[in-house]
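What shape does this take:
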Amino acid sequence: MKKLFLYIVSLFILVGCSDEIPEHERPVQSKRAILAYLIANNNLDTDIMNNVVWMYESLAQSQDSCSLAIYYKPSSSNAYINEAQILTFFTDGHGQINGQPVLEGSNITTGNVVEQALKYTAVPGIATDTEVMQANLQAMADIIPAESYGLIFGSHATSWMPAEENPFISTKSFGQDGSAYNSINIPEFADVLEASFPGNLDFVLFDACMMQTAEVCYELRNATHYCIASVMETPTVGFPYHRILSELYQDEIDFNQICTDVISFNKEMGLWGTYAVVDCTQMDAFANAVREQIDQHASALENLSLHSIQQYGVKNGSTDFSYFSFDVADFIKQLNEGELPVLFQQTLDQTVLAKSCITNSHSYPYGSILTDESKYCGIGMYIPDAVLDTRWNDYYRSAISWYQTVWSE
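Numbers count the residues shown, from 1 in each chain. From the prediction side, this is the model:
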């Protein structure tokens, strides 16, 4: 009943607060629409606002009709948006966005981009609340009906780790709406996507830290086809949407090109990075392959040195995410005396479709984490009890499906 109420309220809000384009004036929409769910009520607001400008730049250069809807939850200091809103852009591929000539050159400013957007007041509430998130995703899909969707999620994140706040380290799973505890855990996040886009969600792109893990992708296996993300903490500047957004509208996305373009941008900026694309529909087969290796080498696990395996967590001051995620292929190699079994390699190749990385970056402390490209397979996973934190380990065993399938015995 509460979900129905929220949805009805959202329709009244959206109808009452929009500058609607008449139906006959709307451009013909492409088969795939892109929705962005950006939770910027935190210290990333300036960077995420700049990402919106980059998205606009890509649309302005597009020669195809494209549709983009952005849920944006700003911080109190945002000078352009003072409440959660849905910003929509329709480009006709002939130099117009929302029926107006595209902004060019020095006119592409944050203020002008926000002004040209068609605006809808979003369903109010904490952006990571499951019912609020689902209502706003549904609202965006209603504004931009399409055959399929691609979703971009931007905010803070910490992969599978449960959302909790303490004086030493705050974990967020996905999202931070004000308080670090205003986050959504990954199993609940996957449920929202499954309910919102049954069978028509082509990809999820996480512009957020640490999300390309087996635990996350396994939870998403029934929610989306592809996951584009990084296994490491990501630079605050975000993805270079002015270079990659147009590719995300293509019927056949060139995932290798996207990973290459992001890494090239990060190199130009003197940053670090690991980016990969996982086929989430292959995660059941991937989980079985990992479990088979663990079963075959159960005795070797007792003497396995975690320090010998490529890990992706960073200790930065009082914040320490060390050993939250290990490279899956490097882990399997360690169990097989340095060799990756042929059958496992085949399954890995079917699961991780594209990857690219920067090694030996001078960006401290993140650049020193990955020094050998051969140790990066594109996806990480936790090894139970690698971190001596009973809260993490208890949650991992009780809530994460990957554990139940791969590690439970």
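
ranges for the helices of this structure?
Assigned by DSSP state H, the helices in the chain fall at 2-16, 45-61, 110-116, 130-143, 186-196, 214-219, 241-244, 255-268, 283-296, 298-301, 328-335, 342-351, 390-399, 401-406.

ok, now which residue in this structure is the farthest from the centroid?
residue 299 (36.0 Å; Cα atoms, centre = their mean).

what about it, distance to residue 348?
Distance from residue 299 to residue 348, counting by Cβ to Cβ, to the nearest Å: 23 Å. To be clear about C-beta, it is placed using only N, CA and C from the backbone, and glycine gets the same treatment.

what does residue 101 give?
Residue 101 is 48 Å from residue 348, by Cβ to Cβ.

repeat for residue 201
24 Å.

With residue 362 instead?
30 Å.

Those two - which one has more neighbours?
Neighbour count, other Cβ atoms under 10 Å: between residue 362 and residue 348, residue 348 has more, with 21 against 9.

who are the neighbours in contact with that one?
286, 289, 328, 329, 340, 377 (Cβ atoms under 8 Å, 6 or more residues apart in numbering).

from those residues, which two are the most distant?
Greatest spatial distance among the contacts of residue 348 (Cβ to Cβ): 286 and 340, at 13.7 Å.

out of the two, which sits in the busier spot?
A side-by-side neighbour count of residue 286 and residue 340, using other Cβ under 10 Å, places residue 286 first with 26 against 16.

And the pLDDT at the more buried one?
With respect to pLDDT, residue 286 scores 98.

close enough to count as contact, it and residue 345?
No: using Cβ atoms under 8 Å, residue 286 is not in contact with residue 345, being 11.9 Å away.

how far away is residue 243 from residue 324?
30 Å.

These two: who's more crowded?
It is residue 324, of residue 243 and residue 324, that has more neighbours when counted by other Cβ under 10 Å, with 27 against 17.

Excluding covalently adjacent residues, which one is nearest to the more buried one?
Distances taken as Cβ to Cβ, 6 or more residues apart in numbering put residue 313 closest to residue 324, at 4.5 Å, once the chain neighbours are dropped.

Number of residues surrounding the one you found?
24.

what's the distance between it and residue 62?
38 Å.

Repeat that for residue 351.
31 Å.

So which of these two has more stuff around it?
residue 351 (25 against 19).

my guess is that one meets residue 284, correct?
No: between residue 351 and residue 284 there is no contact under Cβ under 8 Å: 10.1 Å.

ends of stretch 267-280, how far apart?
28 Å (Cα to Cα, to the nearest Å).

Let me fix that, I meant to ask about stretch 108-126.
Start-to-end, stretch 108-126 (Cα to Cα) is 30 Å.

Could you do stretch 286-306 as well?
Termini of stretch 286-306 sit 22 Å apart (Cα to Cα).

Spell out for me which residue occupies the centre of the chain.
Nearest to the chain centroid, counting by Cα atoms, centre = their mean: residue 206, 1.1 Å.

Now for it: which residues touch it?
153, 157, 174, 212, 227, 228, 229, 230.

swap the cut-off to 7 Å and go again
153, 157, 229 (Cβ atoms under 7 Å, 6 or more residues apart in numbering).

Need the per-residue pLDDT for it.
On the pLDDT scale, residue 206 gets 98.

Make residue 1 into 894 and carry on from there
With the count now opening at 894, the last piece we talked about shows up as residue 1099.

how far away is it from residue 1231?
Counting by Cβ to Cβ, the gap from residue 1099 to residue 1231 is 31 Å.

what's the answer for residue 1138, then?
In terms of Cβ to Cβ, residue 1138 sits 41 Å off from residue 1231.

likewise residue 994?
60 Å.

Next: residue 1134.
Taken as Cβ to Cβ, the span from residue 1134 to residue 1231 is 40 Å.

Just want to know which of these two has more residues nearby.
Higher neighbour count among residue 1134 and residue 1231: residue 1134, with 26 against 8, using other Cβ under 10 Å.

Give me the nearest residue to that one, chain neighbours excluded.
residue 947 is the one closest to residue 1134 (Cβ to Cβ, 6+ apart), at 4.0 Å.

which residues touch the one you found?
Neighbours of residue 947 in contact, by Cβ under 7 Å, 6+ apart: 1133, 1134, 1135.

tell me which of those residues is nearest to residue 1276?
Among those, and counting by Cβ to Cβ, the member closest to residue 1276 is residue 1133, at 33.1 Å.

what's the spacing between the closest residue to that closest one other than its chain neighbours and residue 1152?
Distance criterion Cβ to Cβ, 6+ apart; nearest residue to residue 1133, sequence neighbours excluded, is residue 1158 at 4.1 Å. Distance from residue 1158 to residue 1152, counting by Cβ to Cβ: 11 Å.
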